[in-house]
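1. A structural model of the following input is requested.
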Amino acid sequence: MESEAEPTREELLLLLSAKDAIIVQQSELIEGLVAQVEGLIAQNKGLAEQVEALARQRDKNSTNSSKPPSTDPPFSKPAPKRSSRTSSGRRRGKQDGAPGETLKLVDDPDETFTHDPRACHGCGGSLVDAPVFDERRHQVFDAPPPPPRPHVTEYRIVSRTCATCGTTSQGEVPAWARGRVQYGPKLLARAAWLVCAHHLPVRRAASVLATLLGSPVSTGWLAAVRGRAARLLESAFLPRVRELIASAPVAHADETCARADGALRYLHVASTEHLTAMHVGDRTSESIDAGGIWPCFDGVLVRDGYGGYLHLGQALHAWCGAHLLRDLHSVHEGDPAGQL
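-> Numbers count the residues shown, from 1 in each chain. Below you'll find the predicted structure:
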């Protein structure tokens, strides 16, 4: 049986060269696949981050962002979450040591009725001349009876002619009585309180004034009260409020959407613990400065993250606590499993 011929040196070298070429090709293929996998991993990571960002954007509402509650969809508003605070152990209602508002007897009641028994509850005998054993006072605080007609004050403006020079001089007319017949400042204040502070429609406000004060004013007069009050505030009251807020050590700035003059505008708010000033405009820095407060304010400005306040470099900017809680809420909702 003939033995197989052993490969020659040239054949072995050729075989080894072919194997090396295959190994090189396989290595290049593996490197290409690894690079492709790494690219897909990076792409998947980027898409996952984009999906997460879009999900956070979709889930933003008034509880975890600066969006106002009015922008929350009415049928998908999140249910209010229970507070993490524990009970203090105190009972409900008035606490010990807190000031009370208990009614007290007055010494000069408007009406007094005496309820005196005429017959004995035991034997039925007469008690007309029987001695008084005890007397207790009971008082009922209630609304007054239907009001009388309005209190009318007449101012008689007298004119006199000087016997020496013949000049006729007229008595001074009070500022609140320029018209021949008009409503007084106290009634005007109550009307403004109803239509401005309580936002009553003019017809209902007129009914309240007629029922409680006996003043049957017209709806036309009431409709003009809001404008009159606004003009008085703008000329006499708001300048002082702006001055006090501008000089305060800490003040709060905010803005929100509101309708004014039949259009959607931005309502800018500047406030302290006791004072508030508002004006409407857009969201530009010029509109923010138009309120006349922030350009000269050099205290601590508590605000949200809107960049329109960045030009106020003379103030020390502080993040609003409510918006900080919303941001933390958003972080927690984005990765609840990663929170401690």
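
2. helices or strands next to the helix or strand containing residue 203 in the packing?
-> Assigned by DSSP states H and E, residue 203 belongs to helix 202-213. Packing contacts for helix 202-213, counted by 3 or more C-beta pairs under 8 Å, 6 or more residues apart in numbering; DSSP states H and E, involve helix 185-192, helix 219-223. Glycine gets a C-beta too; all of them are placed from N, C-alpha and C.

3. Throw those helices into a markdown table and include mean neighbour count, thanks.
-> Formatted as a markdown table, those follow (neighbours: other C-beta atoms under 10 Å):
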| stretch | mean neighbour count |
| --- | --- |
| helix 185-192 | 17 |
| helix 219-223 | 15 |
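
4. Including distance to residue 35 and mean pLDDT, could the ones you listed go into a markdown table?
-> Formatted as a markdown table, the helices and strands packed on helix 202-213 follow (distance: least, C-beta to C-beta, whole Å; pLDDT from 0 to 100):
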| stretch | distance to residue 35 | mean pLDDT |
| --- | --- | --- |
| helix 185-192 | 76 | 93 |
| helix 219-223 | 76 | 92 |
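
5. want to throw the ones you listed into JSON lines with distance to residue 122?
-> Formatted as JSON lines, those follow (distance: least, C-beta to C-beta, whole Å):
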{"stretch": "helix 185-192", "distance to residue 122": "55"}
{"stretch": "helix 219-223", "distance to residue 122": "62"}
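
6. Of all those, which one comes closest to residue 120?
-> With C-beta to C-beta as the measure, helix 185-192 is the member of the helices and strands packed on helix 202-213 nearest residue 120 (52.7 Å).

7. for the spatially closest residue to residue 71 that is not a sequence neighbour, helix, strand, or coil?
-> Sequence neighbours aside, residue 62 is the residue nearest to residue 71 in space, at 7.0 Å (criterion: C-beta to C-beta, 6 or more residues apart in numbering). Classification of residue 62 using DSSP: H, G, I helix; E, B strand; the rest coil returns coil.

8. residue contacts, residue 62?
-> Counting by C-beta atoms under 8 Å, 6 or more residues apart in numbering, residue 62 makes contact with 68-69, 71-72, 326.

9. who touches stretch 289-297?
-> Against stretch 289-297 from outside (C-beta under 8 Å, 6+ apart): 242, 245-246, 248, 251, 253, 268, 270, 277-279, 281, 288, 301, 309, 312, 314-315.

10. Make a ChimeraX selection of the buried ones in those residues.
-> Selection of the buried residues among the contacts of stretch 289-297 in ChimeraX, burial being defined by 16 or more other C-beta atoms under 10 Å:
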select :242,245,246,248,251,253,268,270,277,279,281,288,301,309,312,315
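
11. quick one: average pLDDT of the longest helix seen in the chain?
-> Counting residues, the longest helix in the chain under DSSP state H turns out to be helix 9-58. For helix 9-58, the mean per-residue pLDDT is 85.

12. same deal with stretch 278-289?
-> Averaging pLDDT along stretch 278-289 yields 91.

13. Export only the CA atoms of that stretch, formatted as CSV.
-> Written as CSV, here are the backbone C-alpha positions of stretch 278-289 (Å, rounded to 0.1, in the frame of the first residue of the first chain):
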residue,chain,number,x,y,z
MET,A,278,-49.6,93.5,39.8
HIS,A,279,-49.4,94.7,36.2
VAL,A,280,-50.1,93.1,32.8
GLY,A,281,-47.8,92.8,29.8
ASP,A,282,-45.7,90.2,28.0
ARG,A,283,-42.8,88.0,29.3
THR,A,284,-39.9,90.3,28.2
SER,A,285,-37.5,91.9,30.6
GLU,A,286,-38.9,95.3,29.6
SER,A,287,-42.4,94.3,30.6
ILE,A,288,-41.1,92.9,33.9
ASP,A,289,-39.4,96.2,34.7
